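[1] Provided below are the primary sequence and the corresponding predicted coordinates.
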Amino acid sequence: MKKSLVNQTIQLGVCYYPEHWNEELWEDDFKRMKDLNFSVVRMAEFAWSIFEPEEAQFSFEFFDRVLDLAHQYGLKVVLGTPTATPPAWLTYKYPEVLNVSQEGVQYQHGQRRHYNYNSPIYQELSARIVEKMAEHYKSHPAVIGWQIDNELNCEINVFYSEADHTAFRSWVKNKYDSLEKLNQAWGTVFWNQTYTEWEQVHLTRPTVSDSPNPHQALDEKRFISDSAISYAELQEKIIRKHVGDKQWVTTNGLFGHLDNHKMTDELLDFFAYDSYPNFSTIYPDTGEKPLLDRKWSWNLSTVRSISPNFAVFEQQSGPGGWVNRMEQPSPKPGQMRLWTYQSIANGADMVLYFRWRTATMGTEIYWHGLNDYHNQPNRRIKEVSQISEELQKIGEKIAGSTYKAEVAILKDYENEWDGELDLWHGPLEQKSVMAWFKALQYNHVPVDAFYLSQDTSINDLEGYKVLIYPHPTILTEETASLLQEFAEQGGTVIFGCRTGYKNLDGQCYMKPFPGPVSSLCGVTVEDFSLVGPYENAPSIQMDGEQLSADSFIEALKVESEEAEVIARFAEGYMSEKPVLVKNPVGKGASYYYGSTFTLGTAEKLLSLLNISTPIDWVKAPEAVEIAIRKKENNQPFVFLLNYSNQEQEITLLQEATNMLTGDRVSGSVVMEAYGVMVLEGK
């Protein structure tokens, strides 16, 4: 039976590294944490050499003192297993544990996450340290839960050590049973790649044009995910053997080549995320009306698809950078509060700030925490004090409520991984997803990310009225049948160009596009083209308005008598050809759009489908996000988040309670720059 994250209130806390600080600081630190009404402290995920300073020599005195003192101040502790940073004695004696590049270059000790999951000796030594820690701390009154490792697949998410090649060979043997089936799935007859002995099979290796077998590369990502999950399972089983149902188990991060849904379903009590919205200053959205830090609401939607209620184990609290560069500006006054409520609005019931005090040494001396090096009061501490006081008022009401949305953007790992090697398909998908997310955000329509799998049933889609599946290149007959059933029961499904032309192996169907969903969409693709580098995408005519296609174009042929042409190309050699077609299906409908979605086309479709905000009594400008959390049969909690550095005026058409102040509000209300409101209706 899984243990729930949900407590009596929203839990607030911080990441703390006692091994970095003089012991004389600990008590004052814990006292000040308690004064801020923090309840949870996360620690120990990088402390292997503290617990095992020499091989098979274990010591717990240091963290015993830390945990006893935390307990004295009423603080609960999340313990991290320290396997993300193997100690120097380990990597020196057992260099085979180190990860290797695709070119065969071994990474060395001196950073973190430099190990590989499949080294037998690393698995053995990891199991031993986890066993010792779980056995020792299984009954400590301060410990409430465990974090497995730290940010699996962060820093690097490909692995090419000899142990990985060997494990991959076993993995494909188990999957395909015979070389004949493997050769068929990988299409090895092309360019004479056929394997005749298992020993010839490896993970992808450097090729002349940096273009490996795409089907092999897709399986490689599946293998890496399974390897990471297997390594997490190794630790999870040991922890649960000792702690039973007294302490929960999770892990943190959201990184590539890892099926976090499968890992959470099979191993974890809930999922935890590390939220750093100011990464938007390093990797900005360069498209129309950039989301910047607001884009993290999409990341949090993905987390919510894994765990409806989740934890944030690292909430950004200061400017960011590494030892050789400071890359992110400091959060402006109010932004840390905004980001905290962004996490809570999207489903977080526990938020831990990274970190208590900025490190004075090591790689992260520019990755700032709540306290600066000098340890004196600052505006960030003042801001988190305000957040804490507010959560004391509203935390009990909100904890356990869940985010509500009637629209979902569909995703799946197969297309995500295939789109990495396919440099055409991957960026196309990202562009359309962001266009739709912006359209929904700026029109105040809550949206979920929903990851389809082979186990998804029609019951899993209950509650949604609209599903948006922009460019599912890989699409099976089973998924097509599921979406057909969803439409027949009254739902709307929206597809974009290049839908449904690959199977699960990444091989192309010998059937007209859009393959398995042709009958659902009522169309086939008559002609198609990439928009060339010296060409402009043709304009399209939709509902009396002229819009522009983008990136890729398809001329559609209507195959269903009931289908309705919604838009046509207005120029170019595809002029007058259908580009957007609606097909009635049972009580619902499908829409197929033969191009990449833009903000303009997404917003136009929202209008045509009459999709609007479910909170019609709040009128807000684009700069303000509206998110809804709700408990069964209760009034919704409406979060208003102002991402602008300017005041924003909202209008409330009915009276509501501002939960953060206790005031009853209605009519015109001005939100401060980076301001937050949480409203409760009648």
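    Cool, got the structure. Numbers count the residues shown, from 1 in each chain.
[2] low pLDDT regions in the stretch 1-150 of the chain?
    Applying pLDDT under 70 to the stretch 1-150 of the chain flags the ranges 1.
[3] all helices for it, in order.
    For the stretch 1-150 of the chain, the helices defined by DSSP state H, counting those that start in this stretch occupy 26-35, 48-51, 61-72, 88-93, 120-137.
[4] Figure out how far the helix or strand where Leu482 lies is from the centre of its chain.
    Taking DSSP states H and E as the definition, one finds Leu482 inside helix 477-488. Offset of helix 477-488 from its chain centre (C-alpha atoms, centre = their mean, to the nearest Å): 25 Å.
[5] And it, what's buried?
    Thr479, Ala480, Leu482, Leu483, Gln484, Glu485, Phe486, Ala487 (16 or more other C-beta atoms under 10 Å). (C-beta placed from N, C-alpha, C; glycine too.)
[6] Might you report the residue contacts of the last one?
    Ala487 sits next to Val493, Leu520, Val585, Gly586, Gly588, Ala589, Ser590 when contact means C-beta atoms under 8 Å, 6 or more residues apart in numbering.
[7] Among those, which pair sits farthest apart?
    Largest separation among the contacts of Ala487 by C-beta to C-beta: Val493 and Gly586, giving 11.5 Å.
[8] between the helices of the stretch 1-150 of the chain, which one is nearest to Leu292?
    Nearest of the helices of the stretch 1-150 of the chain (C-beta to C-beta): helix 26-35, 30.6 Å.
[9] angle of that closest one against helix 61-72?
    30 degrees (axes from the mean of the first three to the mean of the last three C-alpha atoms, to 10 degrees).
[10] Packing partners of helix 26-35?
    Here helix 26-35 touches helix 61-72, going by 3 or more C-beta pairs under 8 Å, 6 or more residues apart in numbering; DSSP states H and E.
[11] buried residues in the helix it packs on?
    For helix 61-72, by 16+ other C-beta under 10 Å, it's Phe62, Phe63, Val66, Leu67, Leu69, Ala70, His71.
[12] Ok, stretch 221-236 next?
    221-229, 231-232, 234-236.
[13] do stretch 634-643 as well
    Under 16+ other C-beta under 10 Å, the buried positions of stretch 634-643 are Pro636, Phe637, Val638, Phe639, Leu640, Leu641, Asn642, Tyr643.
[14] again, but for stretch 569-582
    Here stretch 569-582 shows Phe569, Ala570, Gly572, Met574, Lys577, Pro578, Val579, Leu580, Val581, Lys582 as buried, counting by 16+ other C-beta under 10 Å.
[15] Taking those residues together, which two end up most distant?
    Counting by C-beta to C-beta, the most remote pair of these is Gly572 and Lys582, 22.7 Å apart.
[16] quick revisit: now the buried residues of helix 61-72 in JSON lines, with distance to Gln335?
    Shown next, in JSON lines, are those (distance: C-beta to C-beta, whole Å):
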{"residue": "Phe62", "distance to Gln335": "36"}
{"residue": "Phe63", "distance to Gln335": "34"}
{"residue": "Val66", "distance to Gln335": "31"}
{"residue": "Leu67", "distance to Gln335": "33"}
{"residue": "Leu69", "distance to Gln335": "32"}
{"residue": "Ala70", "distance to Gln335": "29"}
{"residue": "His71", "distance to Gln335": "33"}
